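1. Quick one, fold the following:
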Amino acid sequence: MRVRFLIVMVCSMVIPVVCAPSALAGGPGGVVASGPAPAAGAPKPHLHLAPVTSRNQSLAYKGPVYERTATGQIVPYVPAPTPAPAARPGIGTAASTMTGGSSASSPASTPATPPAPAGPTPRPELLVPGATARYVAGLAAAPMAAPLAIQEMIWAGNQLIGLPYIYGGGHASFVADGYDCSGTVSFALHGASLLSSPEDSSEFMGWGSHGVGRWVAVFATPEHAYMTVAGLRLDTSSADDPSNQQGPRWRPLRRANSGYTVTHPLGL
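-> I've put the predicted structure just below:
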């Protein structure tokens, strides 16, 4: 009876040790349940990070461009033809006089061109192969390899091109006649369902996750904010932009982004 009691006690002490992964690995033919430990110094998986700075200020692109239709089909992009300029009355017509003036029968004045609609304007949803956004005929084309949220962000930014810079624009509502810097960033993020209400530049300093994301980086100070998305910059400032155009639009990456707090949407 005493021997049996000792055997039971020994077994109860041995069982936890035998069940430990190290003991399994040490036995004949044993394998650690969690798999072999990675070798020391093994390279980590490559993490794609979109560039946020560049010395090259050229946005030229000559590769293939596609468009996503309203039904979700991807088709080759065919730019809409540019309308011919309207003929000026009395110029190049039989009604003109020898001095180039219009005849008496010509209207006294040409009807004024109706103003362009205010607010964001729907634009073609452009796509290009690869993982880098491209500048095509004044619009940004989203990379096909990017997540849908990135593509939607780029297409939203396109809707603001041509609108003026207005201090505070885009904060009372996502729809405005013009946008300031943080209003522009807010509109793009809202287009991808990543922001439910506009943020100002100071709020963007503490928004999202810290640092540069895989696809997006939001740069903010108390005075200014802009963002880079898949290799293009959405900004109201013309800094490092040879075109010197004002208002919200896609621009080349800056040469440096020092002095800004950098954040990104979680997972992007």
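2. residue ranges with poor pLDDT in the chain?
-> 1-48, 82-117 (pLDDT under 70).
3. Isn't residue 245 up against residue 238?
-> Yes - with contact defined as CB atoms under 8 Å, residue 245 counts as touching residue 238 (6.3 Å). Every C-beta, even on glycine, is put in place using the N, C-alpha and C of the backbone.
4. what sits in contact with each of those two?
-> When CB atoms under 8 Å, 6 or more residues apart in numbering defines a contact, no residue borders residue 245 and residue 238 alike.
5. Put the alpha carbons of stretch 223-241 into PDB.
-> This file holds the C-alpha atoms of stretch 223-241, laid out as PDB (Å, rounded to 0.1, in the frame of the first residue of the first chain):
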ATOM      1  CA  GLU A 223      -1.600  76.100 -38.000                       C
ATOM      2  CA  HIS A 224      -1.600  73.700 -40.900                       C
ATOM      3  CA  ALA A 225      -2.500  70.200 -42.000                       C
ATOM      4  CA  TYR A 226      -2.100  68.100 -45.100                       C
ATOM      5  CA  MET A 227      -1.900  64.400 -46.000                       C
ATOM      6  CA  THR A 228      -0.100  62.000 -48.300                       C
ATOM      7  CA  VAL A 229      -2.000  59.100 -49.800                       C
ATOM      8  CA  ALA A 230      -0.200  56.300 -51.800                       C
ATOM      9  CA  GLY A 231       2.500  58.700 -53.000                       C
ATOM     10  CA  LEU A 232       0.600  61.900 -53.700                       C
ATOM     11  CA  ARG A 233       0.000  64.900 -51.400                       C
ATOM     12  CA  LEU A 234      -3.400  66.500 -50.800                       C
ATOM     13  CA  ASP A 235      -2.800  70.000 -49.600                       C
ATOM     14  CA  THR A 236      -4.000  73.600 -49.900                       C
ATOM     15  CA  SER A 237      -0.500  75.000 -49.700                       C
ATOM     16  CA  SER A 238       1.600  75.200 -52.900                       C
ATOM     17  CA  ALA A 239       4.900  74.600 -51.000                       C
ATOM     18  CA  ASP A 240       7.200  72.300 -53.100                       C
ATOM     19  CA  ASP A 241       4.600  72.500 -56.000                       C
END
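6. mind checking how far residue 133 is from residue 211?
-> 20 Å (CB to CB, to the nearest Å).
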